[in-house]
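In: pasting the sequence and the predicted coordinates here, then a few questions.
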Amino acid sequence: MSESTTPQSMAPSEKKKTSILTKPVIEWALWDWGSAAFNAVATTFVFSVYLTSDGTFTDKGTASDYLSWGLFAAGIIIALLAPITGQRADRRGKGGLALTVFTILVVICLALMFFVAPAGPLGPRGGLFLGIALLGIGNIFFEFASVNYNAMLNHLSTKENMGRISGLGWGSGYVGGIVLLLILYVGLISPEVGWFGITHANGLHIRVSMVIAAAWMLLSALPLMLHPVKPRHIDEHHGEHETLWDSYRKLWSTVKSLAKESPHTLFFLAASAVFRDGLAGVFTFGAILAGTAFGFSSSEVIIFAIAANIVAGIATIAMGALDDIIGPKRLIVISLSCMVIAGMSVFFLHNGGKIIFWTFGLVLCVFVGPTQSASRSFLGRMIPEGREGEVFGLYATTGRAVSFLAPAMYGIFLTFGRNWTPAGADYTYWGILGIILILALGLVMTLFVHPAKAKLDSLK
């Protein structure tokens, strides 16, 4: 099968007759819509910017350092546990229960962010550490929830509509992000006195925003939590008391079989894990970079976030068709190449000010969603009947198993910047080099993947 070949079992006329807007798919996509409360508001555009704003808790450079290493620590925990959490839940047929538990834990972390205040009982430094802890713990639970959420994709779709359903999920997340950010911006963040008389004093407008984000995520996730997608295959021999060692042993058995029968599939899993972590880094640290290196205010960050989500949502939907025309690998390579060029432009032209970040930041956002969607599409087109849960479960977990890379590289390059930049000069723009390095590594690895050799028909 070539990378641009669509499944032979479905003719073009048949594709047009297949609607993906079923009740289970819509409920599944609503979870992605609600997840914007954590991705867009907490991790990217509001709470993380609040933590790293100059003078709020400490200076922006120190706050950025602490945050990057806090997320690095969370990434290590994800790397150790994410590869088995979804696998165990999927084998037991309890992915829906796991999704519910982890989603509720994320909502609790969001709600507790209300207590992160510079003039709170913990003091500025204690408040900063509390905020970083909640963000890190929330990231852990969010990734565990996402493992089970992504594992549901193959139970909802066929190879013929997997790309469209996956794209609908990504698109719903971007649209949800736009809507929620607009609500928060108009009602709380932009006005000096927002809804219900809420002011900016002691970060109250941000803290209340996090409570609203918690409610947003909970309400959006309820349909899927109440009607979880049922797995098509449940391992009847999983054992009732599977140990942690048993889980890792079974994971290793799957990896060994892929290495023997389809090494290019395994190599793609590794490559996609790397570049997907870079994609996560673009959004995680992009808003922080806007505030620290380019002087964006909280309101300007929100405006950029809205524009970024609009651009990303439109591009993801539009390039879904391009995926079918030129093939997912080519789309991934083109997208990553453009992102590397745009990121390097941000670094070398940073003295150009806000217009540089607006221009090349939006270029970066154009290609994030299509790369994510094409990555799932690439793997989905080659999984044989009966192996979907196993291979897609491995895909869903490996992506976050290396989630410590982007925070670590961002922090390392901040250290380089501090040492190589004249005293008193801003060095926070150096962080983007760490993210670009991760994207470039994923790009190079993807170039060596041969789709025809990654087909899994021969895998026993």
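Out: Received it, and whenever you're ready, just let me know what you need.
In: tell me where the stretch 351-460 of the chain has helices.
Out: Listed from the start of the chain, the stretch 351-460 of the chain has helices (DSSP state H, counting those that start in this stretch) covering 354-380, 388-401, 405-420, 431-447.
In: for the last one, name the packing helices and strands.
Out: Based on contacts counted as 3 or more CB pairs under 8 Å, 6 or more residues apart in numbering; DSSP states H and E, the elements that helix 431-447 packs against are helix 263-292, helix 328-348, helix 405-420. (C-beta placed from N, C-alpha, C; glycine too.)
In: now Thr100: closest residue in space, sequence neighbours ignored.
Out: Spatially, and ignoring its direct neighbours in sequence, Thr100 is nearest to Met225 (4.4 Å; CB to CB, 6 or more residues apart in numbering).
In: run through the stretch 101-250 of the chain and note the low-pLDDT ranges.
Out: For the stretch 101-250 of the chain, the stretches flagged by pLDDT under 70 are 159, 231-244, 247.
In: cool, and the stretch 301-450 of the chain?
Out: Looking along the stretch 301-450 of the chain with the criterion set at pLDDT under 70, you get 383-393, 396-397, 400-401.
In: residues contacting the residue nearest to His227 when sequence neighbours are not counted?
Out: Leaving aside its sequence neighbours, His227 sits nearest to Glu27 (CB to CB, 6+ apart; 5.8 Å). With contact taken as CB atoms under 8 Å, 6 or more residues apart in numbering, Glu27 is in contact with 223-224, 227.
In: and the buried ones among these, selectable in ChimeraX?
Out: To isolate the buried subset of those in ChimeraX, counting by 16 or more other CB atoms under 10 Å, use the following:
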select :223,224
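In: quick revisit: of all the helices and strands packed on helix 431-447, which lies closest to Phe102?
Out: Distance to Phe102, taken as CB to CB, is lowest for helix 263-292 among the helices and strands packed on helix 431-447, at 17.3 Å.
In: what's the angle from that closest one to helix 405-420?
Out: 50 degrees (axes from the mean of the first three to the mean of the last three CA atoms, to 10 degrees).
In: buried set for helix 263-292?
Out: In helix 263-292, counting by 16+ other CB under 10 Å, buried: 264-269, 271-292.
In: again, but for stretch 40-54
Out: Neighbour-count burial for stretch 40-54 flags 40-53 (criterion: 16+ other CB under 10 Å).
In: using PDB, write out every CA atom in stretch 191-209.
Out: Coordinates of the C-alpha atoms in stretch 191-209 are reproduced here as PDB (Å, rounded to 0.1, in the frame of the first residue of the first chain):
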ATOM      1  CA  PRO A 191     -12.600  44.300  31.300                       C
ATOM      2  CA  GLU A 192     -11.200  46.000  34.400                       C
ATOM      3  CA  VAL A 193     -14.400  44.900  36.200                       C
ATOM      4  CA  GLY A 194     -15.800  41.800  34.700                       C
ATOM      5  CA  TRP A 195     -19.000  39.800  35.300                       C
ATOM      6  CA  PHE A 196     -20.300  39.800  38.900                       C
ATOM      7  CA  GLY A 197     -17.900  42.600  39.800                       C
ATOM      8  CA  ILE A 198     -14.800  40.500  39.400                       C
ATOM      9  CA  THR A 199     -11.600  42.500  39.200                       C
ATOM     10  CA  HIS A 200      -8.000  41.800  38.400                       C
ATOM     11  CA  ALA A 201      -7.000  42.200  42.000                       C
ATOM     12  CA  ASN A 202      -4.900  39.300  43.300                       C
ATOM     13  CA  GLY A 203      -5.500  37.500  40.000                       C
ATOM     14  CA  LEU A 204      -9.100  37.000  40.800                       C
ATOM     15  CA  HIS A 205     -10.200  37.200  37.100                       C
ATOM     16  CA  ILE A 206      -7.800  34.300  36.200                       C
ATOM     17  CA  ARG A 207      -8.700  32.200  39.200                       C
ATOM     18  CA  VAL A 208     -12.500  32.500  38.500                       C
ATOM     19  CA  SER A 209     -11.700  31.600  34.900                       C
END
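In: still on that earlier bit, remind me which helix or strand the residue nearest to Thr100 belongs to.
Out: Met225 belongs to helix 204-226 when assigned by DSSP states H and E.
In: the helix or strand just after that helix vs helix 263-292, what angle?
Out: The first helix or strand that comes after helix 204-226 along the chain, using DSSP H and E, is helix 244-261. Orientation of helix 244-261 against helix 263-292 (the same axes, to 10 degrees) gives an angle of 120 degrees.
In: what comes up buried for stretch 70-82?
Out: Under the neighbour-count criterion of 16+ other CB under 10 Å, stretch 70-82 has 70-75, 77-79, 81-82 buried.
In: so which of those residues belong to strands?
Out: Among those, no residue falls in strands (DSSP state E).
In: among these, which has the minimum pLDDT value?
Out: pLDDT across these is lowest for Ala82, at 72.
In: correct me, but it touches Phe144?
Out: Yes. The pair Ala82 / Phe144 is scored as a contact, 6.5 Å apart, by CB atoms under 8 Å.
In: surely Met339 and Leu364 touch.
Out: Yes. Assessed by CB under 8 Å, Met339 is found in contact with Leu364 at 5.4 Å.
In: okay, and the common contacts of those two?
Out: Val282.
In: what's the neighbour count on Tyr137?
Out: That one is not Tyr; residue 137 is Ile. 18 (other CB atoms under 10 Å).
In: element containing it?
Out: helix 123-151.
In: which of the helices or strands spans Ala117?
Out: Applying DSSP H and E, one finds Ala117 in no helix or strand.
In: and it, how far from Phe57?
Out: 9 Å (CB to CB, to the nearest Å).
In: more crowded one of those two?
Out: Legend: neighbour count by other CB under 10 Å for Ala117 and Phe57, higher for Phe57 (27 against 22).
In: picking up where we left off before, the helix holding Met225 versus helix 123-151: what angle between them?
Out: Going by the same axes, to 10 degrees, helix 204-226 makes 20 degrees with helix 123-151.
In: would you pull up how far helix 204-226 lies from the middle of the chain?
Out: 18 Å (CA atoms, centre = their mean, to the nearest Å).
In: does anything pack onto it? Which helices or strands?
Out: helix 23-36, helix 47-52, helix 95-112, helix 162-184.
In: in that helix, what's buried?
Out: 204-210, 212-214, 216-218, 220-225.
In: just stretch 110-117 next, same as before
Out: Under the neighbour-count criterion of 16+ other CB under 10 Å, stretch 110-117 has 110-114, 116-117 buried.
In: among those residues, which one sits closest to Glu160?
Out: Minimum distance to Glu160 across the buried residues of stretch 110-117 is 36.8 Å, recorded for Leu110 (CB to CB).
In: circling back to that earlier point, okay if I get the helices of the stretch 351-460 of the chain as a markdown table plus mean neighbour count and distance to Val346?
Out: Below are the helices of the stretch 351-460 of the chain laid out as a markdown table (neighbours: other CB atoms under 10 Å; distance: least, CB to CB, whole Å):
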| stretch | mean neighbour count | distance to Val346 |
| --- | --- | --- |
| helix 354-380 | 23 | 5 |
| helix 388-401 | 24 | 24 |
| helix 405-420 | 20 | 13 |
| helix 431-447 | 22 | 6 |
